[in-house]
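have a look; sequence and predicted model below, questions after that.
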Amino acid sequence: MAAYTTSTAVATLLGTSFSTSTDPTTAEVNDIIARVEDFVEQVTGRIWTTATTTELFDTVDETRRGYGEPFYSSQDVQKVFFLRNRPAISIESIQVNSGGLSSENWITRATGYAGDALFYGAEGYVWFHNQAPDPGRRNVRIRYTYGVSATPNDIKYATELLVAEEVLNIQEGGQQLTSVSIGDAAYQWGSIAEQQEAYHGKAMKILQARGFSLKAEML
């Protein structure tokens, strides 16, 4: 998984540089970036890069709405399978097990109008428009890639702000930065604590806005 930012970008934000001999070192800043990325994903409820995963699904019909039903009918078999992660970028493979749990026999199904299933990436589901799977438990296996192909600039910026906040924690007691330039804008602070508060506030506004917009898309 690609990082949302780099130690160089964080150094630019702080008007400094990192190396093997600085406090923190480049390696330590990279560790902070990894932890902040996890936090960003928790706040927004999704990833901002790409990842590939595999999910197993039950196929139900009108006679089976939960576990424990002793039989299946051939009427109204489930055709739509919602993926856990959205947006989905691409389907790597769709397989259907025709052999049951005791003797698996996975058969690859084709996607597209000429195949068996259609893929709806933004909505995050697969629809079997032809030859729906038979009812069964864990008998549909979908491998797919999800996320975004390029990390948005505001997510990069929020990550850099939060990493910079943590860097200032490490640098506490050292030289206090009194100004930071970002593009053509200059920001003035009187202390490290005030800088940290400013970084954190800006970052959380970005992440909360992203989180709210994503929730709206899901309604």
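That came through, no problem.

mind listing what's buried in the top helix by length along the chain?
Identified as the longest helix of the chain according to DSSP state H is helix 192-218. For helix 192-218, the neighbour count (16 or more other C-beta atoms under 10 Å) marks 192, 195-196, 198-199, 202-203, 206-207, 210-211 as buried. Backbone N, C-alpha and C define where each C-beta goes, glycine included.

now do the residue nearest the centre of the chain against Leu161, distance only.
The C-alpha lying nearest the average C-alpha coordinate of the chain belongs to Ile47 (C-alpha atoms, centre = their mean; 1.6 Å). Distance of Ile47 to Leu161, given as C-beta to C-beta, to the nearest Å: 19 Å.

can I assume Ala11 sits in a strand?
No. Judged by DSSP: H, G, I helix; E, B strand; the rest coil, Ala11 forms no part of a strand; its state is helix.

still on that earlier bit, so which of the buried residues of helix 192-218 is the closest to Ala114?
Arg210 (37.6 Å; C-beta to C-beta).

so who does the closest one touch?
44, 154-155 (C-beta atoms under 8 Å, 6 or more residues apart in numbering).

ok, Thr145 touching Thr52?
Yes. Under the criterion of C-beta atoms under 8 Å, Thr145 makes contact with Thr52 at 4.7 Å.

before we move on, the earlier item: touching, the residue nearest to the centre of the chain and Thr151? I think so.
No. If you go by C-beta under 8 Å, Ile47 and Thr151 don't touch, sitting 9.4 Å apart.

show me the contacts for the nearest residue to Gln196 once chain neighbours are set aside.
Spatial nearest neighbour of Gln196, excluding adjacent residues (C-beta to C-beta, 6 or more residues apart in numbering): Glu165 at 4.8 Å. Neighbouring residues of Glu165 by C-beta under 8 Å, 6+ apart: 195-196, 199-200, 203.

now do 6 Å
Residues near Glu165 by C-beta atoms under 6 Å, 6 or more residues apart in numbering: 196, 199-200.

got it, and Thr159?
If you count contacts by C-beta under 6 Å, 6+ apart, Thr159 has them with 4-5, 36, 40.

quick one: Arg141 and Trp106, what's the gap?
Using C-beta to C-beta, we find Arg141 at a distance of 7 Å from Trp106.

more crowded one of these two?
Between Arg141 and Trp106, counting by other C-beta atoms under 10 Å, Arg141 is the more crowded of the two (17 against 14).

Three-state assignment for that one, please.
Quick answer, by three-state DSSP: Arg141 is strand.

all good on my end, thank you.
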